[in-house]
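**Student:** compute the structure for the input listed below.
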Amino acid sequence: MSNPYEKPQIIAHIQKSLNYTVFDSKWIPCSAKFVCMGSLARGAGVLQLYEIQRGEVHLLKEIEKAKPIKCGTFGATSLQQRHIATGDFDGNLSVWNLEAPAVPVYSVKAHKEIVNSIDGVGGLGIGDGAPEIVTGSRDGTVKVWDPRQKDSPVANMEPVDGEAKRDCWTVAFGHAFNDQDRCVCAGYDNGDIKLFDLRNMSLRWEKNIKNGVCCVEFDRKDISMNKLVATSLEGKFHVFDMRTQHPTKGFASVSEKAHKSTVWQVRHLPQNRDVFMTTGGAGSLHLWKYEYPAQRCKKDADDVDMGVAGTVTLLQNVTLSTQPIASLDWSPDKQGLCLCSAFDQSVRVLIVTKINTFM
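**Tutor:** Numbers count the residues shown, from 1 in each chain. Below is the predicted model:
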């Protein structure tokens, strides 16, 4: 039993000021290193490689690129290579070897406009099947790429004829528990959430949450779909139970007013998929725990299975900045270690204590 008074604490362990706008930051798997990505004042892109040594961060390498870099992922690489895939303001998808970053190991003009979001699966030993990268763009399309195949995407989800083009703000892989199944979830500026089944190349489910969808994430990629969190422009997030899909009502969900402003990101704790952190437009972080209901499935009046939503509990919150926290990444290796970057041009290494109390 956990002690209800023994709350986890969110401690800003290290803070580093940067001289550029940082859009994303990611831990390099199996290391004490991380990468920051963003835009220099003169409009060029930048990748910076840092290492934590004795409680301080040290710059190991700075790589300048032609276009600002919006987002990055290690999700489709091997633990041996640890190549990062990035999306930039010009619509390019590039994969970089950080040991020799002058020329990308893979590059494609993925979209006509900015790549807003990127995710990877099939790498790092997470999820079965091919290593794939998904990109979502302002041009309204969501594309899936296999870096082993050169120029064309393996899947392209675009608006059908006559349908308005919507700005895709966020994409995430899920349901990659065998080498056949895989889903992509995408969120759009008008509040649409779309779930694409990549095996059948079909739209499996869609929902509108009435406000721009800033971030979507499955609690884990390498299992049969379990939960999905979607955050919004209006300060709310929604947790969908993805185990039972009702033919008309879809997935059961619970929503929570989380922040006073936009909820920019959600990231699940790798070591416990029921704990997750949300980041806010006013510089705040909120740590949450999802509790399952006594029964996750029940029969409706017509004897058809429908899901039952659980509840969410706020474990802790802290305000770190006056500016939005635009990115957050849990360490896959050290439980409770966390990395976030904000529009105050800084990156912070955080420690969340007593997190295993809530396992």
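
**Student:** ranges for the helices of the stretch 151-300 of the chain?
**Tutor:** Ranges of helices within the stretch 151-300 of the chain: none, based on DSSP state H, counting those that start in this stretch.

**Student:** where do the strands sit along it?
**Tutor:** 155-157, 168-174, 183-188, 192-197, 202-208, 213-218, 227-232, 236-241, 253-257, 263-269, 272-280, 284-291, 297-299 (DSSP state E, counting those that start in this stretch).

**Student:** contacts only, for residue 144.
**Tutor:** Residues near residue 144 by Cβ atoms under 8 Å, 6 or more residues apart in numbering: 132-134, 153-156, 184, 198. C-betas here are computed from N, CA, C, even on glycine.

**Student:** now those residues in JSON lines, with pLDDT, neighbour count and distance to residue 76?
**Tutor:** Formatted as JSON lines, the contacts of residue 144 follow (pLDDT from 0 to 100; neighbours: other Cβ atoms under 10 Å; distance: Cβ to Cβ, whole Å):
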{"residue": "132", "pLDDT": "93", "neighbour count": "26", "distance to residue 76": "6"}
{"residue": "133", "pLDDT": "96", "neighbour count": "31", "distance to residue 76": "5"}
{"residue": "134", "pLDDT": "97", "neighbour count": "30", "distance to residue 76": "9"}
{"residue": "153", "pLDDT": "94", "neighbour count": "20", "distance to residue 76": "13"}
{"residue": "154", "pLDDT": "93", "neighbour count": "13", "distance to residue 76": "12"}
{"residue": "155", "pLDDT": "93", "neighbour count": "16", "distance to residue 76": "14"}
{"residue": "156", "pLDDT": "95", "neighbour count": "12", "distance to residue 76": "17"}
{"residue": "184", "pLDDT": "97", "neighbour count": "26", "distance to residue 76": "13"}
{"residue": "198", "pLDDT": "93", "neighbour count": "22", "distance to residue 76": "14"}
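
**Student:** pick out whichever of these sits closest to residue 236.
**Tutor:** Comparing the contacts of residue 144 against residue 236 with Cβ to Cβ places residue 184 closest, at 22.7 Å.

**Student:** correct me, but that closest one touches residue 142?
**Tutor:** Yes: in this structure residue 184 lies within contact range of residue 142 using Cβ atoms under 8 Å: 6.4 Å.
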